[in-house]
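Enquirer: Need a 3D model of the sequence below.
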Amino acid sequence: QAKEPHTWNWSVIYLCFYGFMVQMKPGEPFITPLLLSSEKNFTKQEVTNEITPVLSYSYMAVLVPVFLLTDYVRYKPVLILQSLSHISIWLILLLGTSLLQMQFMEFFYGITMAARVAYSSYIFSLVTPALYQRVASYSRSSVLMGVFTSSVLGQLCFSVGGVDYSTLCKISLGFVIFGLCLSICLPWPKSSLFFNRVAKEKAALDELDKMNPGGPLPIPAAPVSGWRNSVFIQMLKELLHVVKMPQLRLWSLWWIFNSAGYYLMVYYVHILWNEVYPGVENRKVYNGGVDAASTLLGAIVSFAAGFVKIRWKLWSELVIGIITGIQAALLLLMTTTSNIWVCYVAYALFRSSYQFLVPIAIFQIASSLTKELCALVFGVNTFLSTILKTIITIIVSDKRGLGMAVHSQFLVYFGYFTLLTIAYFGSAAYVIIKHFRNERGDGSTEENGATELRSTQTDIPEVDRLANGCSVKV
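Expert: Numbers count the residues shown, from 1 in each chain. The predicted structure is shown next:
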C-alpha cells in the first residue's frame, strides 16, 4: 500500500505525456491549404461540399459504438484504435489523390474525435475519487499544451523553415507512429464505469483471502440479473429524472446547441480563411500560429472561469445569452470582412468565448450527479449535439442539400447563433422577472430566505434519491 501512490503517480505522468504527444500533428492546421494546393488539386466546392461533410457523418456514426466499446474493453484498445486512425489519416494525405480517398481520410478523422472519450475517462481509473479534479486538470493541461506546441511547431516549420505541406505531413506521420507506440505501452485498467465494475469487488475479495487464508469470506452481492437491470440501463432510466433539474437542463441544452454551432465553425473556418486569403497563392499563411494563439487564449479563459463567483441559478441564462450574442457578432464579422487578420482575431475570440463557458458547464452538470451518471449525461449531450450538427451539415453544406459556399454557410451560422441569443435572453428575462416578483410576493419573504440559505451551501453536497433508489448529489 505504501507503493500505491508512487505507482499511480507514474501512471498519471505517463498518460499525460501520451496526451501531449498524441496532439503533436504539426501539419494539421495546413490540411485545407494542402487539399487546395496544386499537389492535391481539389476545388473549393469539392472540399467544402463533398470532403469536409464526411467528418460530421463519420463522427455521428461511430460516437455511440466507441463510447460503449471504450468502457467495455477498458479504454486501452480504443486509444490504440485512435492512434491507428491517426496514422491512416496522414498516410492518405501523403499518398491519396482521389476524392474518395480524402473522404476516407475524414472518416478516420471522425474515429479519432470519437475516441477522445477514452483518454478523458482512462485517467479516472488510475486514482481514487478524491483525486479526480486534480488529475483531470493535469490531463486537460497536457492536451492543450500538446495542441499549442504542435501548432507553433507547424507554423515555424512552414514560415521560418520553408517546409512544404507534404513534409509537414511526413513529420506528423512520424509523431503519430510514436503515439501508437506509447498507446501500446499504456497500463491496462482493471475496471471501468459501467461494464467492468465487478473487477473492483473481486480484487477486494482476493485481498481479504490473502489477509485471512482459509477464513470465511463475505458473501458477494447477487449478480445483476439480465441486461435490463445493468448499471448502464439503470443510468439511462435516471436521465428521465435528471432533465427535471432546471440548471442541469439549461447547461445540457447549451452543450447541445452551442457545441454544434461551434464545431461547424471550426470545421469550415480554414476554408473561409483560404477564401479570404488563398494559401495556394501566398506563403504567408498563419493557420498554425492562429490555432496556437487561440488555444493559449482558450486555456487562459478556461482557467479564469473557475474564479467567477455569481449566482448561476439566477444569472446563467443572461451570461449564456451575452456570450452567444458576442459569438453571433464575431461570425458576422468573419463573413463580411476581407481582411484575413480580422478573421484570425474573430476566430480566436470565438473559440475563447466558447472555452470560457465549457468548464462552467462541466461544473454545473457534474456537481449535481454521480460519476457514472455524469459520464452518461455528457455522452448523451455530445451525441445529440452531433445529430444536430449532422442535420445542419446535410442541409447546408452537403452537395446533396443546398451545397452552399463557405461564406453563405457562415451567414447561416450567424443566423443560428442569433436565434440562440434571442432564446437565451427570453429565458433570462423570464427567470429574472419571476425571481424578483417572488421576492416581492406577499408572505414569501420568509420562504425565500430559507431557499436562499440552502442555495448558498452548494459547496456541501447532499444526497438525494431518485425514483429507482440511486443517489444523485444536489
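
Enquirer: For the nearest residue to residue 323 once chain neighbours are set aside, what is the enclosing helix or strand?
Expert: Across the structure, with C-beta to C-beta, 6 or more residues apart in numbering as the measure, the residue nearest residue 323 apart from its sequence neighbours is residue 353 (5.2 Å). Every C-beta, even on glycine, is put in place using the N, C-alpha and C of the backbone. Residue 353 is part of helix 340-366 when elements are defined by DSSP states H and E.

Enquirer: For residue 438, see how far away the residue nearest to residue 323 is.
Expert: Distance of residue 353 to residue 438, computed by C-beta to C-beta, to the nearest Å: 32 Å.

Enquirer: Looking at these two, which has the bigger crowd around it?
Expert: In this comparison of residue 353 against residue 438, neighbours counted by other C-beta atoms under 10 Å, the higher total goes to residue 353 at 20 against 13.

Enquirer: The more buried one touches residue 326, doesn't it?
Expert: Yes: proximity of residue 353 to residue 326 meets the contact threshold set by C-beta atoms under 8 Å, at 5.8 Å.

Enquirer: about what we covered before: tell me the confidence at the residue nearest to residue 323?
Expert: pLDDT for residue 353: 93.

Enquirer: what's the neighbour count on residue 76?
Expert: Number of residues near residue 76 (other C-beta under 10 Å) recorded here: 18.

Enquirer: and the gap between it and residue 185?
Expert: Note on residue 76: its distance to residue 185, by C-beta to C-beta, is 10 Å.

Enquirer: Same check on residue 145?
Expert: With distances defined as C-beta to C-beta, the gap from residue 145 to residue 185 amounts to 21 Å.

Enquirer: can you confirm residue 270 is in a strand?
Expert: No: using DSSP: H, G, I helix; E, B strand; the rest coil, the assignment for residue 270 is helix, not a strand.

Enquirer: leaving aside the residues next to it on the chain, what's closest to it?
Expert: Counting by C-beta to C-beta, 6+ apart, the nearest residue to residue 270 once its immediate chain neighbours are dropped is residue 32, at 3.9 Å.

Enquirer: For that neighbour, pull up the helix or strand it's in.
Expert: Here residue 32 sits within helix 31-36, counting by DSSP H and E.

Enquirer: Residue 145 and residue 185: which has the busier surroundings?
Expert: Counted by other C-beta under 10 Å, residue 145 and residue 185 do not tie: residue 145 has more neighbours, with 17 against 10.

Enquirer: Can you pull the phi/psi pair for that one?
Expert: The main-chain torsion angles of residue 145 are listed as degrees, to the nearest 10 and equal phi -70, psi -40.

Enquirer: where's residue 85, which helix or strand?
Expert: Using DSSP H and E, residue 85 maps to helix 76-95.

Enquirer: in that helix, what's buried?
Expert: Buried positions in helix 76-95, judged by neighbour count with 16 or more other C-beta atoms under 10 Å: 76, 78-90, 92-93.

Enquirer: Taking these, tell me the two that lie furthest apart.
Expert: Of all pairs drawn from the buried residues of helix 76-95, the one with the longest distance (C-beta to C-beta) is 76 and 93, at 26.6 Å.

Enquirer: which regions of this structure lie under the pLDDT threshold?
Expert: Confidence mapping of the chain against pLDDT under 70 gives the ranges 1-8, 128-130, 132-133, 191-236, 279-283, 368, 371-372, 442-474.

Enquirer: Sketch out the strands for it, chain order is fine.
Expert: 463-465, 471-473 (DSSP state E).

Enquirer: where along the stretch 301-450 of the chain do the helices fall?
Expert: In the stretch 301-450 of the chain, the helices defined using DSSP state H, counting those that start in this stretch lie at 312-336, 340-366, 371-392, 406-440, 445-455.

Enquirer: Quick check: which helices or strands does the longest one pack against?
Expert: Right, the one you point to is helix 406-440. Secondary structure elements in contact with helix 406-440, counted by 3 or more C-beta pairs under 8 Å, 6 or more residues apart in numbering; DSSP states H and E, are helix 246-276, helix 312-336, helix 445-455.

Enquirer: Let me have those helices in CSV, extended by distance to residue 416 and mean neighbour count.
Expert: Rendered in CSV, the data for the helices and strands packed on helix 406-440 read as follows (distance: least, C-beta to C-beta, whole Å; neighbours: other C-beta atoms under 10 Å):
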stretch, distance to residue 416, mean neighbour count
helix 246-276, 5, 21
helix 312-336, 8, 19
helix 445-455, 33, 11
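
Enquirer: Including distance to residue 41, could these go into TSV?
Expert: Putting the helices and strands packed on helix 406-440 into TSV (distance: least, C-beta to C-beta, whole Å) gives the following:
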stretch	distance to residue 41
helix 246-276	14
helix 312-336	27
helix 445-455	61
